[in-house]
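J.: task: produce atomic coordinates for the following.
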Amino acid sequence: MGTENPGRPSFPMRPSSTPFASAPPTVRPFSSSGPLAGSESSNFRPTSPGAPPTMTPFSAAGPSPPARFSDPSVPSPPIKPVPPFGMPYHQFPTHPFPSAAQIPPNRAPPVGQPPFQPPATQVSVPPPSFRQQTQVPLVPMGSPPQNANFPLPSMNVPQPPSDSSLSGPRPNFQPPFPGYPNKQPAVSQAPPPFPAQQGSFMPPPAPPSPFPSQQGSYGPPPRQSLTEDFSSLSVASVPGSIDPAFDHRTLPRPLDGDEVPSSFLEMYPMNCDPRYLRLTTSAIPNSQSLLSRWHLPLGAVVCPLAEAPEGEEVPVINFTSTGIIRCRRCRTYVNPYVTFTDAGRKWRCNICSLLNDVPGEYFANLDATGRRIDLDQRPELIKGSVEFVAPTEYMVRPPMPPLYFFLIDVSISAVRSGMIEVVAQTIRSCLDELPGFPRTQIGFITYDSTIHFYNMKANLDDIFVPLPDDLLVNLSESRNVVETFLDSLPSMFQDNVNVESAFGPALKAAFMVMSQLGGKLLIFQNSLPSLGVGRLKLRGDDLRVYGTDKEHILRLPEDPFYKQMAADLTKYQIGINIYAFSDKYTDIASLGTLAKYTGGQVYYYPSFQSGIHGEKLRHELARDLTRETAWEAVMRIRCGKGIRFTTYHGNFMLRSTDLLALPAVDCDKAYAMQLSLEETLLTTQTVYFQVALLYTASCGERRIRVHTAAAPVVTDLGEMYRQADTGAIVSLFCRLAIERTLTSKLEDARNSLQLRIVKALREYRNLYAVQHRLGTRMIYPESLKFLCLYGLALSKSVPLKGGYADAQLDERCAAGFTMMALPVKKLLKLLYPSLIRIDEYLLKPSAEADDDFKNIMKRLPLVAECLDSRGLYIYDDGFRFVIWFGRMLSPDIAKNLLGSDFAAELSRVILTEQDNEMSRRLMKI
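T.: Okay, here's the model as predicted:
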């Protein structure tokens with residue numbers, strides 16, 4: 001929701017002392033070095049005035065006052081709730097989750113007996129909480145009651161918790177309902193009109209329900225009606241008590257990371273692994289009217305080259321004699337869901353139902369059940385993921401060799417930061433591990449106000465004007481020249497005082513060199529392009545633009561040169577990765593466009609200093625150079641009759657309505673797409689999806705990787721919700737919200753995200769609220785128990801949070817480009833990082849420590865009370881480690897881990913292995 005003047009808080013807030021507040025502008029989640037000690041703990045210590053408050057869900061209100069302490073043991077100043085004003089609608093918090101220690105096991109009554117009901121006069125009242133809170137607690141949430149007509153597998157009926165850090169003050173409260181919703185039947189004081197259902201909660205007489213009285217009826221409500229609906233979903237403290245009625249520690253938190261729905265895999269065991277293809281719900285609606293009541297995105301997230309599960313490999317199949325077996329109408333590849341008929345002479349396509357002839361060489365007889373007798377020898381008929389070796393008709397040219405070209409800024413800022421030295425050393429150390437030996441090609445260009453070409457074939461004593469063939473060489477043939485060049489590169493420009501950057505002309509020169517083959521272009525840019533074509537100017541200084549309809553223009557490329565270059569580069573199979581380093585404005589919005597449309601990614605290191613951030617750069621560059629890459633790729637996803645994919649989201653160029661051009665793709669890239677129904681009513685019982693990636697492997701083979709999955713068609717909205725996949729939904733929401741920031745204000749992007757989650761939970765509640773009298777309970781399916789939390793985390797992520805003061809423009813754009821490409825697991829870890837306490841583990845004797853390693857590595861909830869000032873913690877969001885030293889941590893531990901630097905400014909300390917057991921154990925983690 002936000003405020004238009006982020007510099008002024010609209011109501012007093014408790015200063016944030018937690019590392020999970022939105023980071024101040026000086027701390028950037030995509031920038032710090034490898035394991036950093038301590039205060040980059042500005043992320044863990046005081047929140048700067050620029051950081052938004054962390055207490056209000058789905059909000060980006062003004063900043064909190066600066067905090068001068070970080071110790072959770074220090075009591076917070078008292079706060080008085082002040083009703084928020086100017087809010088378009090109320091925030092809503094995440095829902096609770098039952099604690100095993102507090103909820104009795106769910107025991108169904110024996111068949112034929114009614115559920116146990118306590119006497120009508122008995123009303124259970126929860127024990128009061130011991131922590132005094134002045135803010136209003138959260139909505140109690142649970143899952144719908146169950147009845148014989150509508151079985152709901154594995155539902156939650158949690159205790160209603162409270163967390164003052166998540167709930168915001170709300171005006172006009174409805175009367176509260178005390179008590180824990182329990183898995184035992186709860187009884188109101190009046191005699192119930194029907195037997196209490198297991199898991200239901202019957203409150204005392206309540207205000208009339210704001211929802212439509214007919215089950216399933218729904219008209220899209222205006223924002224005002226949503227406000228009214230959710231203002232009634234609040235619960236205050238126990239009557240006569242100032243203590244909240246529930247414990248915030250029972251809130252559900254994804255401490256086990258990403259949870260993939262398992263029921264779907266059990267239903268269709270021949271589907272590909274979810275790491276390759278995940279649907280937002282594994283139950284496809286059968287009609288447009290049903291789809292209109294599913295307010296979450298309907299679609300898929302595809303990561304075609306995801307790393308295979310441990311111990312498994314995607315089988316490679318070579319149809320040498322028959323050619324690849326495909327449907328002659330829709331071009332679907334043969335897969336486990338095709339059926340064979342006519343004694344094995346024909347096969348029916350599962351996507352379009354066409355009968356195809358089986359080639360003679362592929363023929364096999366059928367057994368009595370209609371299965372081919374050679375099924376066990378045909379991986380393509382029993383596995384959801386396979387790889388076919390493509391024959392020559394799948395090639396428009398011979399397969400290209402792996403090609404790496406480096407475009408390096410050598411202006412004065414690049415020299416002073418130490419970037420050139422780190423880059424040269426890392427490239428040299430990775431030469432043996434570059435994929436594709438002995439075919440790998442390599443080349444270099446450096447630039448400041450001029451462009452420097454390097455002849456990689458000739459002896460440096462034999463100087464002549466290089467030809468394009470001399471600039472790009474086979475690594476195995478010119479290894480000595482390449483190594484000599486990389487060793488001398490840092491010293492070549494150590495005295496350079498040139499401040500200009502002819503980036504555009506240098507990019508065009510690299511394009512001319514690479515256009516014959518294609519490949520991967522790695523750009524190391526340290527300053528704003530200032531000369532020649534593609535020159536950019538400083539923008540974003542006019543604060544009056546923020547919060548207006550023109551704000552989003554700052555997040556778009558300024559010069560059309562960059563998008564046009566990206567289109568040309570994609571056409572010639574060139575993918576770009578941008579490494580940006582400047583401490584000043586570099587216009588990542590423009591530079592990142594090159595990576596966005598060529599299937600690449602953006603790495604951002606603001607205020608880069610090799611001593612602090614060098615390890616992070618080494619790690620990320622080495623992974624970029626050595627991970628397996630698919631070259632000159634195109635990807636298409638096919639689906640069954642009556643449905644189609646309409647929009648695609650991620651880093652790629654759309655070559656036709658459904659063909660994604662991906663010059664270079666790897667295991668760290670994922671793509672999201674939205675699904676729509678083409679027909680009013682689906683008549684099939686099952687729909688099928690097939691992802692096909694045609695690419696050149698580093699070994700020189702042209703291959704087609706195929707992932708196939710099936711999903712049932714349903715007529716029940718409740719089933720769609722129960723089969724939902726929170727990870728896929730959040731991935732799609734993330735991409736849609738970031739794209740929304742490119743056409744409208746940040747506040748609009750956050751509001752649209754919040755509104756869809758509100759509508760979805762409201763619709764699910766409507767399914768049960770009336771007939772079960774769930775007056776003021778929020779209910780949710782087990783599958784979506786983390787949706788509110790991730791929605792809140794997404795609203796507070798760098799691309800979406802706050803306003804002008806909450807994140808620098810370059811930082812916001814770089815984070816957006818990164819998150820648009822992330823696979824589901826990495827995205828969820830970035831939104832809800834790991835927090836692990838390690839001091840107890842480090843102090844244990846060796847034998848005990850090895851046995852107890854897994855127990856110690858359990859994640860902690862991201863709340864301030866989990867931080868003990870006497871502890872040592874690791875915070876890991878997948879892009880950086882932050883090691884948090886408690887203020888009262890034993891000096892012996894700090895000395896063992898940091899050596900002589902233990903008393904220094906921790907944000908400047910580089911963690912290295914010391915000569916003691918404790919340090920070795922930490923480095924092992």
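J.: what about the strands in the stretch 751-900 of the chain?
T.: Taking DSSP state E, counting those that start in this stretch as the test, the strands found in the stretch 751-900 of the chain are 778-779, 834-837, 872-876, 881-885.
J.: dump the ones you listed to a markdown table, plus mean pLDDT, mean neighbour count and distance to residue 605.
T.: C-beta here means a position set from N, CA and C on the backbone, and glycine is covered the same way. Shown next, in a markdown table, are the strands of the stretch 751-900 of the chain (pLDDT from 0 to 100; neighbours: other CB atoms under 10 Å; distance: least, CB to CB, whole Å):
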| stretch | mean pLDDT | mean neighbour count | distance to residue 605 |
| --- | --- | --- | --- |
| strand 778-779 | 74 | 25 | 43 |
| strand 834-837 | 92 | 20 | 22 |
| strand 872-876 | 92 | 21 | 18 |
| strand 881-885 | 89 | 23 | 16 |
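J.: ok, which of these comes nearest residue 447?
T.: Checking those against residue 447 by CB to CB gives strand 881-885 as the closest, at 33.8 Å.
J.: what pairs with that closest one, parallel or antiparallel?
T.: Sheet partners assigned to strand 881-885 using DSSP bridges are listed as strand 36-37 (parallel), strand 872-876 (antiparallel).
J.: just the CA atoms of the longest one, as PDB, please.
T.: I take that to be strand 872-876. Extracted in PDB, the C-alpha atoms of strand 872-876 (Å, rounded to 0.1, in the frame of the first residue of the first chain):
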ATOM      1  CA  LEU A 872      26.400 -17.100  16.500                       C
ATOM      2  CA  TYR A 873      24.100 -17.400  13.500                       C
ATOM      3  CA  ILE A 874      24.300 -18.000   9.800                       C
ATOM      4  CA  TYR A 875      21.700 -16.200   7.500                       C
ATOM      5  CA  ASP A 876      21.600 -17.700   4.000                       C
END
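J.: contacts for it?
T.: Under the contact criterion CB atoms under 8 Å, 6 or more residues apart in numbering, strand 872-876 has outside partners 19, 43-44, 829, 833-839, 842, 860, 867, 881-886, 889, 893, 897, 925.
J.: repeat that for stretch 582-592.
T.: Applying CB under 8 Å, 6+ apart, the contact partners of stretch 582-592 are 413, 523, 525-529, 536, 538-540, 554-559, 562, 578, 580, 602, 604, 606-608, 808-810, 813-814, 817.
J.: mind redoing it with 6 Å?
T.: Here stretch 582-592 makes contact (CB atoms under 6 Å, 6 or more residues apart in numbering) with 526-528, 536, 538, 555, 557-558, 562, 578, 580, 602, 607, 810, 813-814, 817.
J.: give me the buried subset of those residues.
T.: Neighbour counting over these (16 or more other CB atoms under 10 Å) leaves 526-528, 536, 555, 557-558, 562, 578, 580, 602, 810, 813-814, 817 as the buried ones.
J.: check what pLDDT residue 638 gets.
T.: Looking at residue 638, its pLDDT stands at 96.
J.: over to residue 534?
T.: Residue 534 carries a pLDDT score of 93 in this model.
J.: can you check the one 10 residues further on too?
T.: At residue 544, the pLDDT value in this model is 77.
J.: quick check: residue 869 vs residue 890, distance?
T.: Distance, residue 869 to residue 890, using CB to CB, to the nearest Å: 12 Å.
J.: brain fart, residue 648
T.: Taking CB to CB, one finds residue 648 at 53 Å from residue 890.
J.: which two in the buried ones among the contacts of stretch 582-592 are spaced the farthest apart?
T.: Across the buried ones among the contacts of stretch 582-592, the longest distance by CB to CB is 21.7 Å; it joins 526 and 555.
J.: count of neighbours near residue 389?
T.: Counted with other CB atoms under 10 Å, residues neighbouring residue 389 total 16.
J.: my guess is it meets residue 320, correct?
T.: No - at 8.3 Å, residue 389 does not count as touching residue 320 under the criterion of CB atoms under 6 Å.
J.: tell me the one among the buried ones among the contacts of stretch 582-592 nearest to residue 472.
T.: Proximity of these to residue 472 (CB to CB) peaks at residue 578, which lies at 20.5 Å.
J.: what's the first helix or strand after the helix or strand where the closest one lies?
T.: Assessed by DSSP states H and E, residue 578 sits inside strand 574-580. Of the helices and strands lying after strand 574-580 in sequence (DSSP H and E), the nearest is helix 588-596.
J.: ok, then the element right after that next one?
T.: Taking DSSP H and E, what comes next after helix 588-596 is strand 602-604.
J.: what does that next one contact?
T.: With contact meaning CB under 6 Å, 6+ apart, strand 602-604 is reached by 30, 31, 578, 579, 580, 592, 595, 620, 814, 817.
J.: among those residues, which two are most distant?
T.: It's 31 and 595 that sit farthest apart of these, by CB to CB, at 16.6 Å.
J.: residue 315 and residue 382, how far apart?
T.: Distance of residue 315 to residue 382, given as CB to CB: 10 Å.
J.: done for today, thanks.
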